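> how does the following fold in three dimensions:
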Amino acid sequence: MKAKELYNIIDSLISDIDFEYAGKHGAICPFSRTDISLSYGDDMHDHTSIADVMNDKMFNGKCLNEISEQIVLM
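Take a look at the predicted model:
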């Protein structure tokens, strides 16, 4: 999916988003627009904006903006 589509899903705050990228499980847990947890494998980062989530380079040195079309939603 396009990065903007993923951004909109996170922004909807409907539910957690589970995905797989490069053989590892990841999750985006948007508790609110200013409290979002992002995990990938054994790493977890907390963020205060969706833009920060989208730009966190925790995916083998890449960010969600770069890999959004390669993730597989679960």
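> my guess is Lys2 contacts Ile67. True?
No - the criterion here is Cβ atoms under 8 Å, and Lys2 misses it with Ile67 at 11.7 Å. For every residue, glycine as well, the C-beta is placed using N, CA and C.
> quick check on the two: which one has the bigger neighbour count.
Ile67 (17 against 10; other Cβ atoms under 10 Å).
> for the more buried one, which non-adjacent residue is spatially closest?
Phe59 (5.5 Å; Cβ to Cβ, 6 or more residues apart in numbering).
> beta partners for the most centrally placed residue in the chain?
Centroid check for the chain by Cα atoms, centre = their mean gives Ile28 as the closest residue, at 4.6 Å. On the basis of DSSP bridges, Ile28 is bridged to Ile17, Leu38.
> OK, contacts around it?
Applying Cβ atoms under 8 Å, 6 or more residues apart in numbering to Ile28 gives the contacts Ile10, Asp16, Ile17, Phe19, Ile36, Ser37, Leu38, Val53.
> ok, now Asp16?
Ala27, Ile28, Cys29, Pro30.
> what's the most distant pair in those?
Ala27 and Pro30 (10.4 Å; Cβ to Cβ).
> overlap in contacts of the two?
Asp16, Ile17.
> in the helix or strand hosting Gly26, which residues are buried?
Per DSSP states H and E, Gly26 falls inside strand 24-32. For strand 24-32, burial by neighbour count (16 or more other Cβ atoms under 10 Å) applies to Gly26, Ile28, Cys29, Pro30.
> just give the number of residues close to the residue lying closest to the third one once chain neighbours are set aside.
Leaving aside its sequence neighbours, Cys29 sits nearest to Ser37 (Cβ to Cβ, 6+ apart; 4.3 Å). Per other Cβ under 10 Å, the neighbour tally for Ser37 reads 15.
> isn't Ser37 up against Met44?
Yes - taking contacts as Cβ under 8 Å, Ser37 lies within contact range of Met44: 6.2 Å.
> thanks a lot, see you next time.
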